[in-house]
Structures are given as structure tokens and as C-alpha cells.
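Visitor: Quick one: sequence plus predicted model below, questions after.
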Amino acid sequence: MEGSKPPEFELAMETAIAAPEAFGASYDVVPSSGALELGEGLEGDPAIAFRRTLGMFATGVTVLTTRVGEQVHGMTANAFMSVSLRPPLVLISIDRRAKMGAILHEGTRFGVSVLEAKQTGLSDRFAGRVADELPEATFEIVHETPLVEGALAHLVARVVRSYWGGDHSLFLGQVEFARYGQGRPLLFHGGRYERLIDDPRVFSSLPRELLDPILALGEERDYAEGDVVMRMGEEGCDLMLVVEGSVRVERPGFSSTYGPGELIGEIEVLDPGRGRLADIHAAEPVKAIAVTREQLLAALKADPRVALGLVEVLAARFRETA
Ligand code: FAD
């Protein structure tokens, strides 16, 4: 389903914006005081300072979609939040000038597509930003609702309440459909896109001549097929090299199989005390070498080039996100 819109659509939009009541939008209007005190160091236009303050709250980015007849209307939104598990409820906040706000009313379904780290172009497209070569969006229909293909997670919700929200309208949606895939989310912070570090590997990036002396201090461990190697949240900070067989690594939004020569537990050995980051099972009989944190520290003491190598790897990761 692609998105060119006929004139009737634009006409319907104009009508909806001019007379939202006709589309069922009703709000409990709350009178508000306009006074906003700015903290020390914040000068100039209070609205801009307020906006910048709110921009410190990092969010994901969604494309909200709905149908008007056979046409799809989408818009980029980061004002999306989870509200309740039972019943499953979410909330979105829409600028009263936005077409989307005029389309939604109680009973209307809307889709939420949580964008993946590389989908900045789609975010720009649905925010009405003008740029060369913005990607085309394609949609799949679920529960009669368009969802952006390739997004990291999808929800379909039906508006059950709408509320006055100043220059925005709040729509509470009861979720009818939810799913997520694997990948990294697109983030929005301080008015710009950000992303999580793609590659959590640290020791794997060290040159062999620095890594081998660390692994030489480790001890061999054997696991039968199906054995738990690590459990998410549990204590433990050994670094492990898979020597034979393979392990299945799973955490929310990520699953992969690691085989001979690959390392697991790379972050935990450097940052102990916050629990394992993933569930790891032996996918077949596994032979591994486990290096304790004490052994790692001994290796760093014995050869400061290893410590320097680790700092360089971490600096490169930092550069990826800066
Ligand atoms: P339009 O401005 O008409 O549509 C938005 C854009 O999507 C247009 O370029 C349109 O051509 C394109 N489009 C629509 N449907 C299709 C389709 N079927 N196929 C292809 N293209 C299509 N505003 C809020 O109110 N709330 C928020 O939470 C919010 N968060 C934002 C977060 C980010 C990161 C950004 C960049 C913007 C955000 N905005 C938010 C602003 C909002 O996205 C824009 O104001 C948007 O233009 C409002 O859309 P609209 O419904 O008025 O429709």
C-alpha cells in the first residue's frame, strides 16, 4: 500500500481540522495558568527553554498510522507511552494542528510502528521534513490498520478516550495487537536522532597478541546440549571463549548463535555486579574457556598494553555514538 492521496482526502482533512466535533473529538477542557518559571541559566523565550528542557527526555520514535477510507495517513511521533498492562493501554499526544488529531476519535484504530535505528529517513518523511531521497514507506494491514513495514515493533490500538492537552490532544488507545522483532531502536534526544551502540563487543576487538595472554589464564568448562551457560540478571562476570560447539544468546530484541572463537560475557567482566545481560544456552555440547575477573585483572597488571588496547576499543565505541 503506497501513499499518494486524492483530492477528496485533502478535503476530508480540511473539514476534520475545521470541525473536529464532526469527527467525534471531544475533550474535557481544563483551564490552565500560563506561568512558567525558568531555572537559573535559562534565558530568552520561555517556550524554547521549555521545549529544550523536555528534549532532555530521551525517547524512541514511532510512526502513527491510520486509515481514511482506503488512504493511509501517517505521522512521526515520539509522544507515545505505555499506560496499562491489564487492560493493555497506550497513550499518544498529538498537536492540535496536526491532521492526525483531526482523524482520530473514539473508536478509530491507529497503528504504532516503533522505528529501527536506520529508519531516520522514514521519521523525516512522516514528520513532513523536506530532503532529497527520503525513503518510500510500504504498509502491511493488520486489524484493518496500516503498519510501517520493517519497523522494530508494531501495535494496533483503538481509541477509547481522548483528552484535552493544551495545544495537544491526548488519545488513550486499547491495544489489540502487539509484536516486536530484532534490532536496535531509533532514539530521539535533544532535538536530534541518536542510536544505541550497535556492537557491544570489546575483547573481540582486541588484537590477538593482546587477547591470547588473557585467555591463556582461563579454565576449561564443558556444557551438555541445553545446559544454561548464563541466565539474564543472575550474578556472574566470567568472560568466556567458545572453543567447540555453539551457544544461543537471547535478550529482548536480540537472539543469535555464537560458535568457536566467539566471546560471551564481555561487558559483565568489565562491569560486574549488575547481572548477566542475556540468557545463554548450549545449543549443542560446548567446550569453553572461562576467564574470571581476577584473572583478567592479573593479565592487565602483567601487560599495560592490554589495558590501553581496551581503552582504545571503548573510545572507538564512544565515537560511533557521538
Ligand atoms: P502531514 O504533515 O500531512 O503528514 C506528515 C508527513 O507524512 C507528510 O510529509 C506526508 O506527506 C507524509 N505522509 C502521510 N501519510 C503518508 C503516506 N501514506 N505515505 C507517504 N507519506 C505520507 N507531533 C506531534 O503532534 N506529536 C508528537 O509526538 C510528535 N513527535 C515527533 C517526533 C519527531 C522525532 C519528529 C521529527 C516530529 C514529531 N512530531 C510530533 C511532529 C509531526 O511529525 C509533524 O508535525 C507531522 O507533520 C504531523 O503530521 P500531520 O498529521 O499533520 O500530517
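Guide: The structure has been received and is ready for your questions.
Visitor: Nearest residue to the middle of this protein?
Guide: Computing the C-alpha centroid of the chain and ranking residues by Cα atoms, centre = their mean puts Pro185 first, at 2.9 Å.
Visitor: On the pLDDT front, check the residue nearest to that one when sequence neighbours are not counted for me.
Guide: Leaving aside its chain neighbours, Pro185 sits nearest to Gly60 (4.8 Å; criterion: Cβ to Cβ, 6 or more residues apart in numbering). (Each C-beta comes from the backbone N, C-alpha and C, glycine too.) On the pLDDT scale, Gly60 is placed at 98.
Visitor: and the residue nearest to the centre of the chain, what does it touch?
Guide: Neighbouring residues of Pro185 by Cβ atoms under 8 Å, 6 or more residues apart in numbering: 60-61, 114-117, 152, 195-196.
Visitor: What of Arg109?
Guide: With Cβ under 8 Å, 6+ apart, Arg109 has these contacts: 66-67, 143-145, 156-159, 176.
Visitor: pretty sure Val72 contacts Val63?
Guide: No - Val72 lies out of contact with Val63 (Cβ atoms under 8 Å); the separation is 10.4 Å.
Visitor: got the residues of the stretch 51-200 of the chain near the ligand?
Guide: Within the stretch 51-200 of the chain, the positions near the ligand by Cβ under 6 Å from any ligand atom are 61, 72-79, 93-95, 98-100, 123, 125-128, 137, 188.
Visitor: so of these, which ones are in strands?
Guide: Among those, the ones falling in strands (DSSP state E) are 72-77, 93-95, 188.
Visitor: Now, of the residues you listed, which are buried?
Guide: 72-77, 93-94, 188 (16 or more other Cβ atoms under 10 Å).
Visitor: I'd like those laid out as JSON lines, including distance to Pro87 and pLDDT.
Guide: Formatted as JSON lines, those follow (distance: Cβ to Cβ, whole Å; pLDDT from 0 to 100):
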{"residue": "Val72", "distance to Pro87": "27", "pLDDT": "97"}
{"residue": "His73", "distance to Pro87": "26", "pLDDT": "97"}
{"residue": "Gly74", "distance to Pro87": "26", "pLDDT": "98"}
{"residue": "Met75", "distance to Pro87": "25", "pLDDT": "98"}
{"residue": "Thr76", "distance to Pro87": "27", "pLDDT": "98"}
{"residue": "Ala77", "distance to Pro87": "22", "pLDDT": "98"}
{"residue": "Ser93", "distance to Pro87": "20", "pLDDT": "98"}
{"residue": "Ile94", "distance to Pro87": "22", "pLDDT": "98"}
{"residue": "Phe188", "distance to Pro87": "28", "pLDDT": "96"}
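Visitor: Report how many residues lie close to Leu206.
Guide: Other residues lying near Leu206 total 19 when counted by other Cβ atoms under 10 Å.
Visitor: what about it, distance to the ligand?
Guide: Per Cβ to the nearest ligand atom, to the nearest Å, Leu206 is found 37 Å from the ligand.
Visitor: isn't that residue right next to Val306, touching?
Guide: Yes - in this structure, Leu206 is within contact of Val306 by Cβ under 8 Å, at 7.4 Å.
Visitor: As a check, name the ranges of all helices in the stretch 1-150 of the chain.
Guide: Assigned helices in the stretch 1-150 of the chain, in chain order: 7-18, 46-54, 99-103, 120-126 (criterion: DSSP state H, counting those that start in this stretch).
Visitor: Outside of the second one itself, list whatever touches it.
Guide: What it means is helix 46-54. Counting by Cβ under 8 Å, 6+ apart, 36, 38, 42-43, 190-191 sit against helix 46-54.
Visitor: So which bits of it are buried?
Guide: Those would be Ala49, for helix 46-54 by 16+ other Cβ under 10 Å.
Visitor: chain center to it, what's the gap?
Guide: Computed by Cα atoms, centre = their mean, to the nearest Å, the chain-centroid distance of helix 46-54 equals 24 Å.
Visitor: try stretch 38-49
Guide: For stretch 38-49, the distance to the chain centre is 30 Å (Cα atoms, centre = their mean).
Visitor: then that stretch to PDB, C-alphas only?
Guide: Output in PDB follows, covering the C-alpha atoms of stretch 38-49 (Å, rounded to 0.1, in the frame of the first residue of the first chain):
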ATOM      1  CA  LEU A  38      12.600  29.100  34.300                       C
ATOM      2  CA  GLY A  39      15.600  27.900  36.300                       C
ATOM      3  CA  GLU A  40      18.900  29.700  36.700                       C
ATOM      4  CA  GLY A  41      20.800  30.000  33.500                       C
ATOM      5  CA  LEU A  42      17.800  29.600  31.200                       C
ATOM      6  CA  GLU A  43      17.100  32.800  29.400                       C
ATOM      7  CA  GLY A  44      15.200  34.000  26.300                       C
ATOM      8  CA  ASP A  45      12.000  32.700  25.000                       C
ATOM      9  CA  PRO A  46      10.400  30.500  27.800                       C
ATOM     10  CA  ALA A  47       8.700  28.400  25.200                       C
ATOM     11  CA  ILE A  48      12.000  27.500  23.700                       C
ATOM     12  CA  ALA A  49      13.600  26.900  27.100                       C
END
